[in-house]
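**Student:** Mind looking at a prediction? Sequence and model below.
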Amino acid sequence: MLFRPRRLRRNEVIRNMIAETAVNPDSLVYPMFVVEGEGVKEEIPSMPNQFRFSVDELLKELESCVAVGVKSILLFGIPNYKDEIASSAYDENGIVQRAVRAVKAKFPNLYVITDVCLCEYMSHGHCGIVNDGDVDNDPTLELLAKTAVSQVAAGADMVAPSDMMDGHITALREALDAAGFANTPIMGYSAKFASAFYGPFRDAADSAPHFGNRKTYQMDVRNGREALHEVELDLEEGADIVMVKPGLAFLDVLRETAEISNVPVAVYNVSGEYSMVKAAAKMGWIDENAIIRENLIAFRRAGADIIITYHAKEVLEKGLLK
Ligand code: PBG
């Protein structure tokens, strides 16, 4: 036998020497939820060890995150007041805007990314203005742009539009540039699928649609080619980073995106992926740490540069990337 691949697997030193993939701890982004009030640290029932924090508690939590090496967070806001024009989303004293100001004041070096979407702020739970029973694309763009500008004015380092409206990158770029924020990057949720894997998130963010579903704006899970079209459009519109979401069930899309993209590629390891790992671990059915590591490596191997994951803090705390 000429070829014996097992020769290079004989001990850990040689295995480590030839390892093709490593996950960069600095490329992890930790998503967090912020709510109104004070002294609030509420565990999300369907997402063990993830919480809704009021701003004061968020600051406390961030001490320990920063201490273990979390470099970046993705902030989601859960407002008290919702209406049909998502006014809390672009209120300069909205929950995200206040949280960003407080976080940047205390942790100027923590990189703060804000989610730009309206579903948490709409009384009906859809991601845009509803007319005739469906989300109306173009009027929604204006509200998204206002939201992004107000978040950046509050100090956000980057914005991440997750709404899946057509033309959203252009709308945000023009508005940010006009407001003097030409240097603020946009991370587009470019290929975002209408996925059941968001279930736990919608509990966490109280953002489930009250009627219908998101299939007229988020992508059909059957379509890979269309996903690449979405990615190309975001690239043409000037997205600084493109994202594929969810991750694990869409690694093919991630790989193909990495092949066509000339900007960094992010993947979102979403709530359902997280909760499935936690549930199986709780049952004692899997080796949790090994599974988490394997999932993160899969994203990197498939071509992700940035991994947005609820596991970020624990991965760093437990040293799972070593
Ligand atoms: C808002 C948004 C969602 C997620 C991120 N931004 C939910 C949705 O589209 O319904 C999902 C994140 C997750 O499941 O972890 N539009």
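**Tutor:** That came through, no problem. Residues are numbered from 1 along each chain as shown.

**Student:** Scan this protein for its longest helix.
**Tutor:** In the chain, with assignment by DSSP state H, the single longest helix is helix 137-153.

**Student:** name the helices or strands packed onto that helix?
**Tutor:** Contact here means 3 or more Cβ pairs under 8 Å, 6 or more residues apart in numbering; DSSP states H and E; on that basis helix 137-153 packs against helix 95-106, strand 111-116, strand 158-161, helix 168-178. Any C-beta I mention is one placed from the backbone N, CA and C, and that applies to glycine too.

**Student:** Make JSON lines from these and add mean neighbour count and distance to the ligand to it.
**Tutor:** Listed next are the helices and strands packed on helix 137-153 as JSON lines, based on neighbours: other Cβ atoms under 10 Å; distance: least, Cβ to the nearest ligand atom, whole Å:
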{"stretch": "helix 95-106", "mean neighbour count": "21", "distance to the ligand": "13"}
{"stretch": "strand 111-116", "mean neighbour count": "24", "distance to the ligand": "5"}
{"stretch": "strand 158-161", "mean neighbour count": "25", "distance to the ligand": "8"}
{"stretch": "helix 168-178", "mean neighbour count": "20", "distance to the ligand": "12"}
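
**Student:** can those go into CSV with extra columns for mean pLDDT?
**Tutor:** Output for those, formatted as CSV (pLDDT from 0 to 100):
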stretch, mean pLDDT
helix 95-106, 98
strand 111-116, 98
strand 158-161, 98
helix 168-178, 98
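
**Student:** out of those, nearest to residue 265?
**Tutor:** Among the helices and strands packed on helix 137-153, the nearest to residue 265 by Cβ to Cβ is strand 158-161 (13.5 Å).

**Student:** Other residues contacting that closest one?
**Tutor:** 74, 111-117, 144, 148, 151-152, 168-169, 172, 176, 184-189, 240, 243 (Cβ atoms under 8 Å, 6 or more residues apart in numbering).

**Student:** Just the endpoints, please. Distance across stretch 258-272?
**Tutor:** For stretch 258-272, the first-to-last residue distance is 23 Å (Cα to Cα, to the nearest Å).

**Student:** That stretch near the ligand at all?
**Tutor:** Yes - using Cβ under 6 Å from any ligand atom, stretch 258-272 reaches the ligand at 270-271.

**Student:** now that stretch: how far from the chain's centre is it?
**Tutor:** Relative to the centre of its chain, stretch 258-272 is centred 10 Å away, using Cα atoms, centre = their mean, to the nearest Å.
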